[in-house]
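A.B. asks: The sequence and its predicted three-dimensional model are supplied below.
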Amino acid sequence: MKTIAQQIKWNFKTNGDLEIKDKNGNEIYYEHSNGFWSKREYDSQGKLIYFENSDRDWIKYEYD
């Protein structure tokens, strides 16, 4: 499976690390030139509810 940077042919040398934010300014995707990536999901209140990265780490948060 290709990363987002590979899919869009991101040039790390020219553009630096790839960072995608949602409309609220929350980082939802990050990718470094070494291939490391992470993605995040937030609820409607801006609280982090899911995190995953290329090291196969992940965590899911639930709030009352």
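C.D. replies: Noted; the coordinates are in hand. Numbers count the residues shown, from 1 in each chain.

A.B. asks: Nearest residue to the middle of the protein?
C.D. replies: Nearest to the mean C-alpha position of the chain, by C-alpha atoms, centre = their mean, lies Y29 at 1.8 Å.

A.B. asks: Okay, and the beta partners of it?
C.D. replies: I20, K39 (DSSP bridges).

A.B. asks: My guess is it contacts S38. True?
C.D. replies: Yes - applying C-beta atoms under 8 Å as the test, Y29 and S38 come out as touching, 7.4 Å apart. To be clear about C-beta, it is placed using only N, CA and C from the backbone, and glycine gets the same treatment.

A.B. asks: can you pull out the strands in this protein?
C.D. replies: Taking DSSP state E as the criterion, the chain carries its strands at 18-21, 27-31, 37-42, 48-53, 58-60.

A.B. asks: Just the terminal-to-terminal distance for stretch 35-50.
C.D. replies: Stretch 35-50 has an end-to-end distance of 20 Å (C-alpha to C-alpha, to the nearest Å).

A.B. asks: And for stretch 56-64?
C.D. replies: This stretch, stretch 56-64, spans 27 Å end to end (C-alpha to C-alpha).

A.B. asks: quick one: that stretch to chain centroid distance?
C.D. replies: How far stretch 56-64 lies from its chain's middle: 14 Å, per C-alpha atoms, centre = their mean, to the nearest Å.

A.B. asks: again with stretch 4-22
C.D. replies: On C-alpha atoms, centre = their mean, the centre of stretch 4-22 falls 11 Å from that of its chain.

A.B. asks: Show the average pLDDT along that stretch.
C.D. replies: Stretch 4-22 shows a mean pLDDT of 97.
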